[in-house]
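1. this is the structure alone, sequence omitted:
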């Protein structure tokens, strides 16, 4: 018998609010990204939708460039600029206003600006320059300097355009340009090298000025990968710098990098990402980046003929400093080592204050954990030294921090200090891409709260310009599989739209005949496409479209998505992807002494077939959005053949899969590869498997993201909660009970006897298993978006109480505003507080046996229509924007 569901359609707020004669609507959070305009709307009424908008764009001279007039549309995000062609290297201003569906019109928004970049390579007047001296064996960081003068005329704009082969840190008159680090970031340099643009108007003085730029090896020519290779993109280190000054009278001045610049070396005598930095304070050149410095013994820079055709404007957020940590404990280990514990496994570096004699050397080593005896442990760093060394110049207090490296660590070991360590002299600084934090999740279980904390810090530590696998050992690469399994979870914690949009362009750039490499940017050479890794080509663009309504990423990546699917079709035999190398369900459960076959080995080609189907489905979805009807038909037919081939090859006559693992059933069910008739039995088989392992996970990287979602979908949410709350190995909470502050690479990175897993692959900051965060938000709290109007414009709130939790609070800053689901259980009553952003609407599912049991702000729900529904025990309410407070007494 089908259960009853109640639906309340709220279109004008009849049941939940009365007309507010003083209501008003206004605009906040204006943004312009790649000439697409967005804003948020705020209102003190409920059920508010945008009915129309108007945008105006002005030049610096306050001349109207473009006005849309009133456009009747509810679109308030990613509105394309369609006005006259804009000029390069110019600042423009814009504002907007809106009309809503309740006859309110907003005031004009504040005026905000955006700046255009160079549109064509010939606009670069600068020359690539390299050091004019012979580099030493350590390849010390070069210094580049240039003095220039400005007239007494008023400067209305000064913009710096800069990039490098290597990493750069630039200053004008001794002050750092911008607040970004590790610029220009990491891309597939041979095809895509980013440059940054800075407004430095306020940094330029009348008269004498000086530019100073320091370079580091970085990803360009530093050590990359675990084989000790360097010079991946070239042996050179080079700078490209252009300062465009525009005066009030319309005249201009350009300061460009060329052979007139002077070059030398300074205090950074060694710098490598994996190994750390050596800074010799005795070699510091004081005031070298300020005017009137005597540089006659410096060598003139050499001009180089490197191309500018691969230069692109920066798309994503730069790496910046964020949280700081003071020591929570200073330890003397059993070996006599002086060790500092910062209490959090983080990624960045340590700022230190040091005192001593000239020539004293202080060495700071970094580690994630201590061993079972309490000693400093670095075996899992492999060949990465992860050490910063500071050589003191005199007896005064000196401040040090690295420039062109970073480390993954919780602990540091300090060597060379004769005095007792002072906690006030050490500050750990977290570095990660400057993505806005958008989500928060908390509940009544402190272990789950710590799990969410660990998920977030795993993301912070590994979203450092590219989505790396780990931040500490000689790797730190953009592994595609890790990124695709975590993408949806990442989108709850932070706004990763621009982060992934930039990186996915490198995925496309590094594809060869459609094949996606293991890592992007690809520094491993020709690698085959592995199932679950190569599928990043389809998974991430579709995820960004769902989460942000970002249709442009589908447009940009569509050919890459299609090429990926076609690369599989080319090697498939009878529509089976059963050839080539595959990582499989990476790091699945494997007992140490597996005498009875308990290792959860899943057939790799079964996994490959599942992802072949999944990517094909996502390609069909994208084709529908982009109105590519021929492709929809073509790939829909292909998908059916892929599914038929799966059933024929991997499903027995009795409906069993040839691999009886959790991952096999999770993927087959999650990607709809089984017939409707066989799914119920398959779900039960999955549950029986979980029970046979004592409600423990046996999944690896590819099965873990989907297991709780599949269990929920097929009516076994109680089993999903048992997995979530399991505290013994293998489980999500086992590392937490062991003291983890980030997600581990392995389920048992630290074993029950406090020994370690193999150091060759044992990262303690590896976000892949944190993909369960998606289920916490979408199911436990119940926040999700629909595909018909993505970006949470048409959203869903469907909390699923369970697991003994007494409350859950989740908030998500969508592109439209904050979407909230807060539920709690008090005195046998279920209470749900909901907040829905303006210009969106929501389907809210309230756990209740009937509408009569539900109150909103103390009032009964009326005029509800009873509908047949397969989900029992839910009252379905259709709501417009606003805040609502539901109480259920069953």
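-> Received it, and whenever you're ready, just let me know what you need. Predicted model, so just to flag it, every value in this text is computed and none were measured. Residues are numbered from 1 along each chain as shown.

2. need the phi and psi values for the residue most central in space within the chain.
-> Nearest to the centroid of the C-alpha atoms of the chain, with distances taken as CA atoms, centre = their mean, sits residue 496, at 4.6 Å. Comment: the main-chain dihedrals of residue 496 come out as phi -110, psi 20, following degrees, to the nearest 10.

3. test my guess that it contacts residue 489.
-> No: using CB atoms under 8 Å, residue 496 is not in contact with residue 489; the gap is 9.9 Å. The C-beta positions use only the backbone N, C-alpha and C, and glycine is treated the same way.

4. skipping adjacent residues, who's closest to residue 218 in space?
-> Setting aside the residues directly before and after it, residue 218 is nearest to residue 167 in space (CB to CB, 6 or more residues apart in numbering), at 3.6 Å.

5. against residue 212, how distant is that neighbour?
-> Taken as CB to CB, to the nearest Å, the spacing of residue 167 relative to residue 212 amounts to 15 Å.

6. next one: residue 320
-> Distance of residue 320 to residue 212, given as CB to CB: 21 Å.

7. got it, and residue 504?
-> Shown here: residue 504 relative to residue 212, a distance of 35 Å by CB to CB.

8. give me the more crowded residue out of these two.
-> Looking at residue 504 and residue 212 with other CB atoms under 10 Å, you find the greater number of neighbours at residue 212, namely 25 against 22.

9. can you tell me the SS state at that one?
-> For residue 212, the secondary-structure state derived from DSSP: H, G, I helix; E, B strand; the rest coil is strand.

10. again with residue 148
-> Of the three states, residue 148 takes strand under three-state DSSP.

11. my guess is it contacts residue 256. True?
-> No: applying CB under 8 Å as the test, residue 148 and residue 256 come out as separate, 10.1 Å apart.

12. overlap in contacts of these two?
-> A shared contact of residue 148 and residue 256, defined by CB atoms under 8 Å, 6 or more residues apart in numbering, is any residue touching both; here these are residue 243.

13. contacts only, for residue 708.
-> The contact partners of residue 708, taken as CB under 8 Å, 6+ apart, are 720, 723-724, 772, 775, 779.

14. phi and psi next, for it.
-> Backbone torsions for residue 708, taken as degrees, to the nearest 10, come to phi -70, psi -40.

15. got it, and residue 453?
-> phi -60, psi -50.

16. quick check: closest non-adjacent residue to it.
-> residue 741 (7.2 Å).

17. that neighbour is in contact with residue 328, isn't it?
-> No: contact criterion CB under 8 Å: residue 741 and residue 328 do not qualify, at 11.4 Å.

18. anything in contact with each of those two?
-> When contacts are counted by CB under 8 Å, 6+ apart, the set common to residue 741 and residue 328 consists of residue 343.

19. more neighbours, those two?
-> Counting neighbours by other CB under 10 Å for residue 741 and for residue 328 shows that residue 741 has the greater number, 20 against 12.

20. before we move on, back to that, just wondering, since we're on the residue nearest to residue 218, how far is it from residue 689?
-> On the measure of CB to CB, residue 167 and residue 689 end up 49 Å apart.

21. settle it for me: which of the two has more neighbours?
-> When neighbours are counted by other CB under 10 Å, residue 167 comes out ahead of the other of residue 167 and residue 689, with 26 against 17.

22. residue 132: helix or strand, and which one exactly?
-> Using DSSP states H and E, residue 132 maps to neither a helix nor a strand.

23. quick one: contacts for it?
-> If a contact means CB under 8 Å, 6+ apart, then residue 132 has 262-263, 298-302 as its contacts.

24. next, residue 683: secondary structure please.
-> At residue 683 the chain is in helix, as set by three-state DSSP.

25. any idea how far the residue nearest to it when sequence neighbours are not counted lies from residue 522?
-> Excluding its sequence neighbours, the residue lying closest to residue 683 (CB to CB, 6+ apart) is residue 714, at 3.7 Å. As judged by CB to CB, residue 714 and residue 522 stand 38 Å apart.

26. next one: residue 212
-> For residue 212, the distance to residue 522 under the criterion CB to CB works out to 34 Å.

27. re earlier: just the buried ones out of the contacts of residue 132, please.
-> With neighbours counted by 16 or more other CB atoms under 10 Å, these contain buried members at 262-263, 298, 301-302.

28. picking that back up, which of residue 714 and residue 522 has more residues huddled nearby?
-> residue 522 (22 against 18).

29. just give me the neighbour total for the closest residue to the more buried one other than its chain neighbours.
-> Nearest in space to residue 522, with sequence neighbours left out and distances taken as CB to CB, 6+ apart, is residue 510 at 4.2 Å. Residue 510: 24 surrounding residues under other CB under 10 Å.

30. can you check residue 367 too?
-> Residue crowding around residue 367 was assessed by other CB under 10 Å; the count is 25.

31. and it, what pLDDT?
-> In the predicted model, residue 367 carries a pLDDT score of 98.

32. isn't it up against residue 378?
-> Yes: Residue 367 is in contact with residue 378 according to CB under 8 Å; the separation is 5.1 Å.

33. count of neighbours near residue 59?
-> Counted with other CB under 10 Å, the neighbours of residue 59 add up to 14.

34. for residue 475, same thing?
-> Considering only other CB under 10 Å, residue 475 is surrounded by 21 other residues.

35. begin at 39 from here
-> I'll keep to 39 as the first residue from here, and by that count the last item is residue 513.

36. that one falls within a strand, correct?
-> No: when classified by three-state DSSP, residue 513 is found to be coil rather than part of a strand.

37. residues contacting it?
-> With CB under 8 Å, 6+ apart as the criterion, the residues that contact residue 513 are 263-264, 420, 506-507.

38. which two from those residues end up farthest apart in space?
-> Comparing every pair within these by CB to CB identifies 420 and 506 as the most remote, at 14.9 Å.

39. who has more neighbours out of those two?
-> Using other CB under 10 Å as the criterion, residue 420 and residue 506 rank with residue 506 on top: 24 against 16.

40. could you identify the helix or strand that succeeds the helix or strand bottoming out on mean pLDDT in the chain?
-> When the helices and strands of the chain are compared on mean pLDDT, DSSP states H and E, strand 41-47 comes out lowest with a mean of 32. For strand 41-47, the following helix or strand on the C-terminal side (DSSP H and E) is strand 63-70.
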